[in-house]
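**Student:** Below: sequence and its predicted model.
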Amino acid sequence: MDAEKIKVILADDHDLYRDGLKLLLGNDNNIKLLGEASNGRQLIQLTQQYHPDVILTDLSMPGISGIEAIKEICKTGKQRIIVLSFFESESMIVQALESGAIGYLNKNAQRGEVIEAIKSVYDHIPYYCSTTNTRLARRISQSAFNPYNHTDPHLFSEKEKEIIRLICAEKSSEEIGKILFMSKRTVDGIRGRLLEKMNVRTTAGMVIYAIKNSIYSLSPEEPANKL
């Protein structure tokens, strides 16, 4: 049975936070926690010992930091790593993604989102926390991190691209419907299909995908509101 579970290693230097995540992960029948680390060196050692499917790691840890550990771990090839951070550390989040992580979560993320992120990254699908703001999305979009290198330029129709741009401009389904003379239900359906086509899970993922593929462009003066 364990062979079918997603095998996870957790790294964070705060015992209480680790304990909370351990409890959360232990309650999911699809996930098995292989080990836990309190610093980057321990994380590297546990990864080499257990070869987990997914790694969750804090960025600020004593000794070898989370970013340094990610770089070391990724020397042997691509790994499925989710970084745990607060948005005060935006530059560190971008650095971690550039170093080899493919997902990140705010440390205040809800249980459901933590599980969703693990399952998404396990399937090699980048995951961006649902509370991402436009400032952080812009920084990620302008960084060297780009998991969308082989996108078919003909994947989207012109109408779909128009809807993508409106979503990226933070228009609601109701607002998009009024602009394009569609029902809210129709727009919601198209939004869902677009997420599937892009292979992303959140609106933040759609924005980053769209900017990386020149479908949408953020203006410098655009405010850093929640997506």
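**Tutor:** Cool, got the structure. These numbers come from a predicted model, not from an experiment. Residues are numbered from 1 along each chain as shown.

**Student:** which stretches of the chain form strands?
**Tutor:** Ranges of strands within the chain are 6-11, 31-37, 54-58, 81-85, 103-106, 127-128, based on DSSP state E.

**Student:** For K159, see how far away the most far-flung residue of the chain relative to its centre is.
**Tutor:** Going by Cα atoms, centre = their mean, the residue of the chain most distant from its centre is F181, 32.7 Å out. From F181 over to K159 the distance is 11 Å, taken as Cβ to Cβ, to the nearest Å. Any C-beta I mention is one placed from the backbone N, CA and C, and that applies to glycine too.

**Student:** Same question for I118.
**Tutor:** According to Cβ to Cβ, I118 stands 34 Å off from K159.

**Student:** Neighbour count: the two, which is higher?
**Tutor:** Ranked by neighbour count (other Cβ atoms under 10 Å), I118 and K159 place I118 first, with 24 against 11.

**Student:** circling back: with mean pLDDT and mean neighbour count as added columns, please give the strands of the chain in JSON lines.
**Tutor:** Putting these into JSON lines (pLDDT from 0 to 100; neighbours: other Cβ atoms under 10 Å) gives the following:
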{"stretch": "strand 6-11", "mean pLDDT": "96", "mean neighbour count": "23"}
{"stretch": "strand 31-37", "mean pLDDT": "95", "mean neighbour count": "19"}
{"stretch": "strand 54-58", "mean pLDDT": "96", "mean neighbour count": "25"}
{"stretch": "strand 81-85", "mean pLDDT": "93", "mean neighbour count": "25"}
{"stretch": "strand 103-106", "mean pLDDT": "92", "mean neighbour count": "23"}
{"stretch": "strand 127-128", "mean pLDDT": "92", "mean neighbour count": "27"}
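
**Student:** Please convert those strands to CSV, extending it with distance to T203.
**Tutor:** Listed next are these as CSV, based on distance: least, Cβ to Cβ, whole Å:
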stretch, distance to T203
strand 6-11, 25
strand 31-37, 25
strand 54-58, 22
strand 81-85, 18
strand 103-106, 15
strand 127-128, 9
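
**Student:** Per-residue pLDDT of Y148, please?
**Tutor:** Listed pLDDT for Y148 reads 75.

**Student:** Same question for stretch 44-53: list its buried residues.
**Tutor:** 44, 46-47, 52-53 (16 or more other Cβ atoms under 10 Å).

**Student:** helices and strands around the worst-scoring helix or strand of the chain on mean pLDDT, which ones?
**Tutor:** Ranked by mean pLDDT, DSSP states H and E, the weakest helix or strand in the chain is helix 134-141, scoring a mean of 83. Judged by 3 or more Cβ pairs under 8 Å, 6 or more residues apart in numbering; DSSP states H and E, helix 134-141 is in contact with helix 90-99, helix 203-212.

**Student:** about what we covered before: just name the closest of the buried residues of stretch 44-53 to I73, please.
**Tutor:** Among the buried residues of stretch 44-53, T47 lies closest to I73 (Cβ to Cβ), at 5.3 Å.

**Student:** ok, the closest one touching L10?
**Tutor:** No - T47 is beyond contact range of L10, at 11.4 Å (criterion: Cβ atoms under 8 Å).
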